[in-house]
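Colleague: the following block contains a protein sequence and its predicted model.
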Amino acid sequence: MVIILLGPPGVGKGTQGALLVEAFGWERIATGDLLRSARRDGSELGSKAQSYMDAGNLVPDELIVALVRDHLQKLASDQGVIFDGFPRTLAQAEALDGVLADVGRKVDAVVLLEAPADVLVKRLSGRWSCPQCQEVYNIHFDPPVTEGICDECGARLTQRKDDLPDTVRHRLGVYRDQTRPLVEHYEEASAPVIRIEGDRKLEHVSRAIRRSLVKQLGVGA
Ligand code: ADP
Ligand code: ZN
């Protein structure tokens with residue numbers, strides 16, 4: 001199974017991707033996470049990606065496609081894969097189609113998660129996380145007991161540079177212009193596009209996703 005989780009920043013792709021990994025034993029390939037870990041490791045890819053990411057712009061397609069190709073090559077050919085945050089441009093989608101065709105695979109379905117822009121801005125600009133234990137908070141919905149301090153380990157919380165309000169709005173514009181049009185690409189390629197309302201409790205969203213995958217693709221849960 002090859003599934004793409006498509007949707008704007010802040011809609012909950014990361015959370016839902018992790019839940020699908022648990023439910024179906026798939027491997028999640030999240031390019032944003034891979035890039036952040038490349039930055040932490042101080043690798044060449046990480047330093048090339050840094051300025052694009054901090055400004056809320058897309059990292060160049062060549063870098064991303066090479067990263068994904070490397071990752072896919074390490075997986076068994078029957079390993080289910082869920083892509084989170086990739087592809088984000090038409091060029092990436094076409095490159096992915098090619099990489100998959102080389103190994104006799106294709107995109108089986110696209111899960112399109114959506115939510116209103118004001119909800120996304122609030123979720124992202126309120127997001128703070130713990131650099132020590134990775135716990136994530138939201139100052140609007142799920143604040144820590146003591147402002148700015150991790151409940152779990154007492155470390156000082158930090159905010160991703162690209163979660164500053166102006167950068168969040170910029171990222172949503174980049175999504176609308178460059179990534180949302182992929183829905184038409186997949187509809188034309190006749191991969192089923194499963195639309196899911198993301199502005200609900202996360203358990204409801206995840207149940208809706210699992211149900212539609214079981215119904216449309218017959219994957220066993
Ligand atoms: P979000 O979905 O919340 O924007 P991600 O963690 O997926 O967060 O991505 C963070 C940043 O990493 C993006 O704004 C972009 O700079 C870079 N990035 C991640 N995936 C891609 C991709 N497929 N193509 C280009 N840039 C990417
Ligand atoms: Zn912590």
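Modeller: Cool, got the structure. Residues are numbered from 1 along each chain as shown. Ligands and ions are numbered 1, 2, ... in the order given.
Colleague: mind giving me the packing neighbours of the top helix by length along the chain?
Modeller: In the chain, with assignment by DSSP state H, the single longest helix is helix 202-217. On a contact count with 3 or more CB pairs under 8 Å, 6 or more residues apart in numbering; DSSP states H and E, helix 202-217 meets helix 13-24, strand 109-114, strand 193-197. In this view, the C-beta of every residue, glycine as well, is placed from N, C-alpha and C.
Colleague: repeat the analysis, applying 6 Å as the threshold.
Modeller: If contacts are counted by 3 or more CB pairs under 6 Å, 6 or more residues apart in numbering; DSSP states H and E, helix 202-217 sits against helix 13-24, strand 193-197.
Colleague: need the residues of the chain near ligand 2, please.
Modeller: Counting by CB under 5 Å from the ion, the chain comes close to ligand 2 at 130, 132-133, 135, 150, 152-153, 155.
Colleague: please check these and keep the buried ones.
Modeller: 130, 150 (16 or more other CB atoms under 10 Å).
Colleague: where do the strands sit along the protein?
Modeller: 2-6, 27-30, 81-84, 109-114, 127-129, 136-138, 193-197 (DSSP state E).
Colleague: who's in contact with the longest helix of the chain?
Modeller: 15-16, 19, 23, 109, 111, 192, 194, 196, 198, 219, 221 (CB atoms under 6 Å, 6 or more residues apart in numbering).
Colleague: hmm, try it at 8 Å
Modeller: Where contact means CB atoms under 8 Å, 6 or more residues apart in numbering, the residues beyond helix 202-217 that reach it are 1, 3, 12, 15-16, 19-20, 23-24, 108-109, 111, 113, 192, 194, 196-198, 200, 219-221.
Colleague: residues touching the residue of the chain at minimum distance from ligand 1, list them.
Modeller: Using CB to the nearest ligand atom, the closest approach of the chain to ligand 1 is made by residue 32 at 1.9 Å. Contacts for residue 32 were tallied using CB under 8 Å, 6+ apart; they are 14, 84-85.
Colleague: repeat that for residue 92.
Modeller: 61, 64-65, 86.
Colleague: one more time with 6 Å, if that's ok
Modeller: With CB under 6 Å, 6+ apart, residue 92 has these contacts: residue 61.
Colleague: and it, how close does it get to ligand 2?
Modeller: Distance of residue 92 to ligand 2, given as CB to the ion, to the nearest Å: 34 Å.
Colleague: quick one: pLDDT of that residue?
Modeller: pLDDT, residue 92: 98.
Colleague: now swap in residue 141 and tell me
Modeller: 89.
Colleague: quick check: closest non-adjacent residue to it.
Modeller: Excluding its sequence neighbours, the residue lying closest to residue 141 (CB to CB, 6 or more residues apart in numbering) is residue 126, at 7.0 Å.
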